[in-house]
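Q: Okay, predicted coordinates and the sequence, questions at the end:
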Amino acid sequence: MADLPPARLRPFKPAFFSTGMDCSGPFQVKVGRRTEKRWGIIFKCLTTRGVHLDLLNTIDADSFLMALRRFIARRGTPAELYSDQGTNFRGGERGLREAFAALSPDLQLQLGKQKISFHFNPPAAPHFGGVWEREIRSVKVALYTTVGAQSVPEEVLSLNDPDPVTPNVLLMGRPDGSLPQIVYPETDLLSRRHWRHSQILANHFWSSFLRNYLPSLQTRQKWHAMKTDLIKGTVVMLDPQLPRAMWPVGHVTKGHPSADGHVRSADVQINDRTYTRPVARLVALPALPMEPHIEPCMHSHTHR
């Protein structure tokens, strides 16, 4: 079992500094006398597990970028976003990259510090994003319990309440996540300046977070034995979802090691196509034995 990824270990950073995101739905909503589809999008802080929910009118890149702008306006600009290979996420990342490249060099220099780093999980690997995938399940259960299968007005699914006082605000010490965080010495704990006092209390919280909570996340409950990493040329079979006679078999052309050096996903060539899949979806096959090379022999005449 791998160590926790660095995105899960961002203490003393603003909430949503490292964020995972995904979409769910569609949901049926009432618009006048007709019904339309809406999708939900979740942004989850990978360190504090804070959750931000929003609605999408469509499942394309433009709708995602508008939701991202609303998220940034309320939670601050994240440094890194993690998601699956959704076409809306891919298209949004490509649109932002092209828009940044079209800026003048001066603007690029000024805005370069606010660039968001996108990280995409391999295809067919939902377990790479288990932190936010599990949260989507919780949201769906809550929605279906309260709303059920009925169509509701769009306002019912929209979050129109003003920002309440949440653990997120208490952790950051401010409602705006884009403001810089200042660390004060503990000698100011008894200061009459309450704003410094609250910041020191937040630092105490992070110390407790590192000492008491993080060790519980690193408990390895399974996968204790070390496995051999896939190497180039290994013959593998993609996790069969087809009839037995149609199982796809190919060979590994490239491995993608993670931060701990172990290969967690690989490129597999099958005929003239290359697929990127996690190793959990690949079945390594034993190497075929080489046929013995038989030297031709001259038949001699036997004498009786």
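A: Nice, I can see it.

Q: Leaving out chain neighbours, which residue sits closest to residue 281?
A: Nearest residue to residue 281 in three dimensions, chain neighbours excluded: residue 239, at 4.2 Å (CB to CB, 6 or more residues apart in numbering). Backbone N, C-alpha and C define where each C-beta goes, glycine included.

Q: surely that neighbour meets residue 278?
A: No. In terms of CB atoms under 8 Å, residue 239 does not count as a neighbour of residue 278; the distance is 9.4 Å.

Q: Hmm, residue 16 is touching residue 43, no?
A: Yes. Using CB under 8 Å, residue 16 is in contact with residue 43, at 6.7 Å.

Q: Between those two, which contacts overlap?
A: Residues touching both residue 16 and residue 43 (CB atoms under 8 Å, 6 or more residues apart in numbering) are 52, 71, 75, 78.

Q: Nearest to residue 262 among the residues you listed?
A: When the shared contacts of residue 16 and residue 43 are compared for distance to residue 262 (CB to CB), residue 78 wins out at 27.1 Å.

Q: just to revisit the earlier point, so residue 16 and residue 43 - more neighbours on which side?
A: Set side by side, residue 16 and residue 43 show more neighbours around residue 16, with 29 against 25, by other CB atoms under 10 Å.

Q: Format the shared contacts of residue 16 and residue 43 as a markdown table; extra columns: pLDDT.
A: Shown next, in a markdown table, are those (pLDDT from 0 to 100):
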| residue | pLDDT |
| --- | --- |
| 52 | 89 |
| 71 | 90 |
| 75 | 85 |
| 78 | 89 |
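
Q: Out of those, which sit inside strands?
A: Judged by DSSP state E, the subset of the shared contacts of residue 16 and residue 43 located in strands is residue 52.

Q: So which of the shared contacts of residue 16 and residue 43 belong to helices?
A: 71, 75 (DSSP state H).

Q: and stretch 69-82, how far apart are its ends?
A: This stretch, stretch 69-82, spans 16 Å end to end (CA to CA, to the nearest Å).

Q: same check, this time on stretch 213-221
A: This stretch, stretch 213-221, spans 16 Å end to end (CA to CA).

Q: May I have the secondary structure class of residue 205?
A: Look at residue 205: counting by DSSP: H, G, I helix; E, B strand; the rest coil, its state is helix.

Q: Against residue 7, how distant is it?
A: To residue 7, residue 205 is 20 Å away according to CB to CB, to the nearest Å.

Q: Going by contacts, tell me the helices and strands next to the helix or strand harbouring residue 275.
A: If you go by DSSP states H and E, residue 275 is part of strand 273-278. Contact here means 3 or more CB pairs under 8 Å, 6 or more residues apart in numbering; DSSP states H and E; on that basis strand 273-278 packs against strand 249-257, strand 263-270.

Q: Which of the ones you listed sits closest to residue 233?
A: Closest among these, using CB to CB: strand 249-257, at 5.8 Å.

Q: Each with direction, which strands does the longest strand along the chain pair with?
A: If you go by DSSP E, the chain has its longest strand at strand 18-31. With DSSP bridges as the test, strand 18-31 is paired with strand 34-45 (antiparallel), strand 80-83 (parallel), strand 152-153 (parallel).

Q: Would you mind writing the CA trace of the first one as CSV?
A: Listed in CSV are the C-alpha atoms of strand 34-45, where the atom choice follows Å, rounded to 0.1, in the frame of the first residue of the first chain:
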residue,chain,number,x,y,z
ARG,A,34,-40.8,21.3,-18.4
THR,A,35,-38.1,19.2,-16.9
GLU,A,36,-34.4,19.7,-17.6
LYS,A,37,-31.2,17.9,-16.5
ARG,A,38,-28.7,19.4,-14.1
TRP,A,39,-25.4,18.0,-12.8
GLY,A,40,-23.6,18.4,-9.5
ILE,A,41,-19.9,19.2,-9.1
ILE,A,42,-18.0,18.7,-6.0
PHE,A,43,-14.7,20.3,-4.9
LYS,A,44,-13.1,18.7,-1.9
CYS,A,45,-10.1,19.9,0.0
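
Q: That'll do, ta.
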